[in-house]
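Asker: sequence first, predicted model second:
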Amino acid sequence: MEIDKKIIKKLVESLEELKKSLKGQDIVSEDISEEKEIEISNSVVKSPIVGTAYLAAEPGAKSFVSVGKKIKKGETVMIVEAMKTMNHVPSTLDGVVKKICVEDGQPVEFDQVLIILE
């Protein structure tokens, strides 16, 4: 496959223009505010495995947790499906749910923050 030099030149020029237009501006990501929230709270429930997170036992059922709900250590907060196996994720601490960081059916990574507690 032959690379078209005109396309590469145009891409480089576009990137240079973008760099000039953003010079002096701070780019803020939503992840930064979440990281600060985690640092302040220090009470989080993380995913024990890679898989797909589900907030309820089955579609249409009531969620295991919601923002403001008081939970106890060992209580199931969600399910992570891996290789057709439904793994219940227990809370590692007592607390009140401050934020649910994943959506129903969202893929999650090992050690990803699922819930922030107060």
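Answerer: Alright, I've got the coordinates.
Asker: going forward, measure contacts between C-alpha atoms and count neighbours the same way
Answerer: Will do.
Asker: for Ser43, the count of nearby residues, please.
Answerer: By other CA atoms under 10 Å, the residues close to Ser43 number 19.
Asker: tally of neighbours for the residue nearest to it when sequence neighbours are not counted?
Answerer: Of all residues not flanking Ser43 in the chain, Leu117 sits nearest, at 5.2 Å (CA to CA, 6 or more residues apart in numbering). Other residues near Leu117 come to 23 when the count uses other CA under 10 Å.
Asker: show me what Leu117 is bridged to.
Answerer: Val97 (DSSP bridges).
Asker: look up how far Ser91 lies from it.
Answerer: Here Leu117 is placed at a distance of 10 Å from Ser91 (CA to CA, to the nearest Å).
Asker: please export the C-alpha coordinates of the longest helix belonging to the chain as PDB.
Answerer: Counting by DSSP state H, the longest helix found in the chain is helix 5-22. As requested, the backbone C-alpha atoms of helix 5-22 are provided in PDB (Å, rounded to 0.1, in the frame of the first residue of the first chain):
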ATOM      1  CA  LYS A   5       2.200  12.300   0.800                       C
ATOM      2  CA  LYS A   6      -0.500  15.000   0.200                       C
ATOM      3  CA  ILE A   7      -2.800  13.500   2.800                       C
ATOM      4  CA  ILE A   8       0.000  13.300   5.400                       C
ATOM      5  CA  LYS A   9       1.100  16.900   4.700                       C
ATOM      6  CA  LYS A  10      -2.500  18.000   5.100                       C
ATOM      7  CA  LEU A  11      -2.900  16.100   8.400                       C
ATOM      8  CA  VAL A  12       0.300  17.600   9.800                       C
ATOM      9  CA  GLU A  13      -0.800  21.100   8.800                       C
ATOM     10  CA  SER A  14      -4.200  20.600  10.500                       C
ATOM     11  CA  LEU A  15      -2.500  19.400  13.700                       C
ATOM     12  CA  GLU A  16      -0.300  22.400  13.700                       C
ATOM     13  CA  GLU A  17      -3.300  24.700  13.300                       C
ATOM     14  CA  LEU A  18      -5.100  22.900  16.100                       C
ATOM     15  CA  LYS A  19      -2.000  23.300  18.300                       C
ATOM     16  CA  LYS A  20      -1.800  27.000  17.600                       C
ATOM     17  CA  SER A  21      -5.500  27.500  18.300                       C
ATOM     18  CA  LEU A  22      -5.300  25.700  21.700                       C
END
